[in-house]
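[1] just to be clear, the model below is a prediction. Sequence and coordinates:
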Amino acid sequence: MIKRISRIAMILSALVGVTLPCVSAAQLAQELIDAAKKEGEVMFYGAITINSSKAIGDAFEKKYGIKLRHWRGDATELINRALAEARSGKPAFDVTLGNEVVMTTLDEKQLFAVFDPPAAQGYPKQFRDPDNRMTPWRVLPYGINYNHQILKAPDAPKAWEELLEPKWKGRFGMANPGLHVTTLQFVLNLEKLLGPKWLAVVEGWAKQEPRLGRSLADTIQPLTAGEVPVAIGYIKDKFQYPGPIEYVRMNRYLASLSFVAINRQAPHGNAARLFTDFFLGPQAQRIFGELGEYVFHPEVEHRFKKDVRDDQVIVMRLPNNEELRAWSKKLREMFR
């Protein structure tokens with residue numbers, strides 16, 4: 001399990017109220033299904049594609065007759081929205097997913113309920129939350145994507161340092177690490193791949209005048225439209241967006257984990273538990289695997305198994321709050 005930032009000792013006054021009880025595997029029975037059906041819907045926050053959420057929602061509704069509503073935002077937007085709801089005392093989401101930065105930030109505020117989903121019993125234990133407030137379900141490797149209609153594989157940059165070559169000036173896209181917390185995390189973890197020169201490489205990228213977006217999704221349109229031939233992002237974009245996207249095969253990939261969790265004050269608490277268990281089960285995870293996610297479920301195949309091995313994936317450490325604040329400011333100044 002990733003190292004956590006120390007949690008705030010006191011619950012924010014805006015969050016005081018009725019909490020969801022701890023639920024064991026034995027309690028996921030017919031009475032939960034019946035109660036969830038009476039609630040009728042579940043509100044889900046997370047940065048998964050519209051195609052993914054529709055496929056999962058359709059399958060969930062077909063099985064249980066419960067409607068899935070989905071709000072999609074990037075890491076920064078999700079944190080801001082969830083915390084604003086908490087401060088107002090009007091929580092709107094039932095279930096959320098996010099990477100380490102998102103989920104640890106929200107967990108610090110005591111937003112999550114304790115839940116040990118039966119569907120996740122076979123998931124890798126080294127990544128499990130011992131407190132059962134969130135469950136890991138996928139790994140998200142960062143890499144170099146390129147437009148294969150513009151660039152042939154031999155011509156694409158093969159390493160992070162190659163983006164410093166003059167020919168890539170103004171010709172690659174990335175999320176602004178001063179604004180996008182996941183890209184900030186990626187930048188700080190480059191030291192694991194590049195050693196002491198990591199910061200010089202990042203400073204060099206800024207001088208290359210890359211096409212900057214507020215999120216990783218902002219890099220897709222310029223890449224597929226040919227406005228830039230290269231973009232830094234998730235390698236799963238190859239499978240999840242229409243257009244001529246390919247990723248560079250590397251020896252090692254920095255990656256974040258993605259977790260799913262239930263709101264401690266979920267408006268539809270029973271539907272939240274039922275959906276979370278469904279989300280982590282083989283039917284839903286198989287949909288994600290087919291759509292290009294690198295999932296954890298032991299019964300599910302994913303599209304990366306042919307050319308990305310588990311031992312090539314390096315899980316990124318989570319920066320602490322002080323690092324996030326200091327580096328966010330520094331990187332905003334660097335990537336103007």
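    Good, I have the coordinates.

[2] how about the nearest residue to F239, chain neighbours excluded?
    Counting by Cβ to Cβ, 6 or more residues apart in numbering, G292 is the residue found nearest to F239 once chain neighbours are left out, at 2.5 Å. All C-beta atoms are positioned from the backbone trio N, CA, C, and that covers glycine.

[3] quick one: the one you found and R214, what's the gap?
    Separation of G292 from R214 (Cβ to Cβ, to the nearest Å): 23 Å.

[4] of the two, who's got more company?
    Using other Cβ atoms under 10 Å, the more surrounded residue of G292 and R214 is G292, with 20 against 13.

[5] mind checking the SS state of that one?
    Using DSSP: H, G, I helix; E, B strand; the rest coil, the structure places G292 in coil.

[6] OK, contacts around it?
    Under the criterion of Cβ atoms under 8 Å, 6 or more residues apart in numbering, the contact list for G292 reads 236, 238-240, 302-303.

[7] among the residues you listed, who's most crowded?
    Counting by other Cβ under 10 Å, top hit in the contacts of G292: K236 with 25 neighbours.

[8] so that one touches Y294, yeah?
    Yes: with contact defined as Cβ atoms under 8 Å, K236 counts as touching Y294 (6.8 Å).

[9] quickly list what's touching both of those two.
    Taking Cβ under 8 Å, 6+ apart as the contact rule, K236 and Y294 both touch 140-141, 304.

[10] identify the residues contacting R214.
    Each residue near R214 by Cβ under 8 Å, 6+ apart is listed here: 74, 76, 175-176, 179-180.

[11] buried residues, stretch 104-116. List them.
    Neighbour-count burial for stretch 104-116 flags 104-107, 109-116 (criterion: 16 or more other Cβ atoms under 10 Å).

[12] could you work out the end-to-end span of that stretch for me?
    Counting by Cα to Cα, to the nearest Å, you get 18 Å between the two ends of stretch 104-116.

[13] one more: stretch 83-98?
    End-to-end distance of stretch 83-98 (Cα to Cα): 14 Å.

[14] circling back: what is the nearest of the buried residues of stretch 104-116 to H70?
    Nearest to H70 among the buried residues of stretch 104-116, counting by Cβ to Cβ, is L106 at 17.6 Å.

[15] tell me which two of the buried residues of stretch 104-116 sit farthest apart.
    Pairwise distances across those peak at 22.3 Å for T105 and D116 (criterion: Cβ to Cβ).

[16] V102 in helix, strand or coil?
    helix.

[17] need the pLDDT of the residue nearest to it when sequence neighbours are not counted.
    Of all residues beyond its chain neighbours, the one nearest V102 is A75 (5.0 Å), with distances taken as Cβ to Cβ, 6+ apart. pLDDT for A75: 81.

[18] quick check: A75 vs S256, distance?
    The spacing between A75 and S256, counted by Cβ to Cβ, is 9 Å.

[19] quick one: common contacting residues for those two?
    99, 101, 182.

[20] ok now do the first one, which residues does it touch?
    For N99, the contacting residues are 75, 140, 182, 185, 256-259, by Cβ under 8 Å, 6+ apart.

[21] 7 Å instead?
    Applying Cβ atoms under 7 Å, 6 or more residues apart in numbering to N99 gives the contacts 75, 140, 182, 256-258.

[22] same deal with the second one?
    For V101, the residues meeting the contact criterion (Cβ under 7 Å, 6+ apart) are 75, 181-182, 185, 318.

[23] ok, these vs Q121, which is closest?
    Q121 has its nearest neighbour among the contacts of V101 in L318, at 25.2 Å by Cβ to Cβ.

[24] the closest one belongs to a helix?
    No: counting by three-state DSSP, L318 is not part of a helix but coil.

[25] distance of the nearest residue to it once chain neighbours are set aside from W198?
    Nearest residue to L318 in three dimensions, chain neighbours excluded: E100, at 4.5 Å (Cβ to Cβ, 6+ apart). From E100 across to W198, the span is 19 Å (Cβ to Cβ).

[26] looking at those two, which is more packed in?
    More neighbours surround E100 than the other of E100 and W198, with 27 against 17 (other Cβ under 10 Å).

[27] could you verify my assumption that the more buried one touches A255?
    No: counting by Cβ atoms under 7 Å, A255 is not a contact partner of E100; they are 10.6 Å apart.

[28] of all pairs in the contacts of R214, which one is the farthest apart?
    Of all pairs drawn from the contacts of R214, the greatest distance, 11.4 Å, lies between D74 and N176 (Cβ to Cβ).
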